[in-house]
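# Quick one: sequence plus predicted model below, questions after.
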Number of protein chains: 2
Amino acid sequence: MTRPAQPARERILDTAFRLFYARGPRGVGVDTVIAESGVAKATLYKHFPRKDDLVLAYLDRVDQTWLGQLRAAASAAGDDPGDQLVGMFDALASACRREGYHGCAFINTAAESEAGSDVHARTVEHKRVVLAWVTDLARRAGAADPARLARQLTLLLDGGLSAGVLDAEPGTPDTAKAAARVLVEAACPAR
Amino acid sequence: MTRPAQPARERILDTAFRLFYARGPRGVGVDTVIAESGVAKATLYKHFPRKDDLVLAYLDRVDQTWLGQLRAAASAAGDDPGDQLVGMFDALASACRREGYHGCAFINTAAESEAGSDVHARTVEHKRVVLAWVTDLARRAGAADPARLARQLTLLLDGGLSAGVLDAEPGTPDTAKAAARVLVEAACPAR
DNA sequence: AAGCTAACAGACGGGTCTGTCTACCAACAA
DNA sequence: TTGTTGGTAGACAGACCCGTCTGTTAGCTT
């Protein structure tokens, strides 16, 4: 048998990523992932002994992707941390424009997962990491209260992201970015 | 047979409200609603021919409740529309403090419902109504761009609400309210 | 050539979910 | 008295879903 271009594990993850994001992990049966990724059931359960393991791997992939996009958008805004805080909202704009955009994978998944579960804990952890990163940026931007500014900006970000599950209005990211600019300028006395 | 204090329909709705909000409509089987409300299956299906009808009734109840709380919080802030725009964030604070708080019922439900479904449409409609109400308030507050300010404030609101599904940090509502104040003052030239 | 590894194919059990259906019962109104 | 209304109780079909299991096949390594 000729080896497929993608190893089985990657094919499973790609399919899970696509389906889980579109319909939510609970909305996608294991059998569907198997059928769409063209993989044997035993293979899937070898790589991911429980469905939740696949969900966790999905969340990890989204986590890396989204953090990368946030960092890239921030960097593209220049060297000034204050500009970077505003610039990271370009990642929101890109996300909203993307085909099949369906809101924040973490909020969506957290909404359908049990409070004490591993899956739920992973979503909380993701938001914690993002908040820590933004807080550091706010501190370097000279904010009077970096934690507070960071929370305000992540609230805007989460609001913009979660709105995507309702309607993907094209103007939303720009509106959020403008609000971010106002908040950053109000919170950084040096500017 | 002696009639129970609550008619069957109300008992079903009360139970559905509690369970659907806690676990999401998809996470609660019809059988569970029946068992917890102490009602016969035929009775439930008589009042709500499909489960989605029950979900819609649940959303309507949340819609009325939440809008009422928003209006009450705004009114409590005084007569000035600008103050009311900030004051409505007290409704967020109350919601976050409530036992069993679990984020925004509409975002949570939208995340697990199909894009074209009745249920999804109802969630979109709710957000539209809220936005329209806030926009009117922003207009009366003399905002230079009422639609823009309203969108910014609802983004903050949705961000604060949806964060509740991850962690109910007690400081979040105050932080959001402070951001709202900054945004309102920046957007209303007359102030 | 032999053995090992990774994958494929698919049946199956036990469970859950929605929605329908039959049968029965109690109160009230004509 | 006789329907009618609104309810209870629970069986049932058909679909789906998770996870386990048996058996097969292809390629690589030794």
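Structure received.

# low pLDDT regions in chain A?
Under the criterion pLDDT under 70, the flagged ranges of chain A are A:1-5, A:190-191.

# So which residues of it form helices?
Along chain A, the segments classed as helices by DSSP state H run A:8-23, A:30-37, A:41-47, A:51-76, A:81-87, A:89-97, A:105-112, A:118-140, A:146-163, A:172-187.

# what's the distance between the fifth one and the middle of its chain?
Offset of helix A:81-87 from its chain centre (Cα atoms, centre = their mean, to the nearest Å): 19 Å.

# Same check on the third one?
On the basis of Cα atoms, centre = their mean, helix A:41-47 sits 26 Å off its chain's mean C-alpha point.

# swap in the last one?
Chain-centre distance of helix A:172-187: 20 Å, with Cα atoms, centre = their mean.

# got the angle for that helix vs helix A:146-163?
In this structure, helix A:172-187 runs at an angle of 170 degrees to helix A:146-163, with axes from the mean of the first three to the mean of the last three Cα atoms, to 10 degrees as the basis.

# quick one: helix A:172-187 to helix A:118-140, angle?
Using the same axes, to 10 degrees, one finds that helix A:172-187 and helix A:118-140 are set 50 degrees apart in direction.

# residues touching whatever residue of chain A ends up closest to chain B, list them.
Each residue of chain A has a distance to chain B, by Cβ to the nearest Cβ, and the smallest belongs to residue A:159, at 3.2 Å. For the C-beta atoms, the positions are set from N, CA and C on the backbone; glycine is no exception. Contacts for residue A:159 were tallied using Cβ atoms under 8 Å, 6 or more residues apart in numbering or on different chains; they are A:176, B:154-160, B:162.

# Now these in TSV, please, with extra columns for distance to residue A:62.
Conversion of the contacts of residue A:159 to TSV gives the following (distance: Cβ to Cβ, whole Å):
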residue	distance to residue A:62
A:176	20
B:154	25
B:155	21
B:156	24
B:157	24
B:158	20
B:159	18
B:160	22
B:162	16
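
# re the thing from before, save the helices of chain A as CSV, and put in distance to DNA strand D too.
Written out in CSV, the entries for those read as follows (distance: least, Cβ to the nearest atom of the strand, whole Å):
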stretch, distance to DNA strand D
helix A:8-23, 9
helix A:30-37, 3
helix A:41-47, 4
helix A:51-76, 3
helix A:81-87, 39
helix A:89-97, 26
helix A:105-112, 12
helix A:118-140, 12
helix A:146-163, 24
helix A:172-187, 32
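
# Nearest to residue B:168, out of these?
For residue B:168, the closest of the helices of chain A is helix A:118-140, at 10.9 Å, according to Cβ to Cβ.

# circling back to that earlier point, relative to residue B:16, which of the helices of chain A is closest?
Across the helices of chain A, the minimum distance to residue B:16, taken as Cβ to Cβ, is reached by helix A:105-112, at 16.9 Å.

# So is the closest one next to DNA strand C?
No - Helix A:105-112 lies apart from DNA strand C when judged by Cβ under 7 Å from any atom of the strand; the minimum separation is 12.9 Å.

# Could you pull out the buried residues of that helix?
Under the neighbour-count criterion of 16 or more other Cβ atoms under 10 Å in any protein chain shown, helix A:105-112 has A:105-112 buried.
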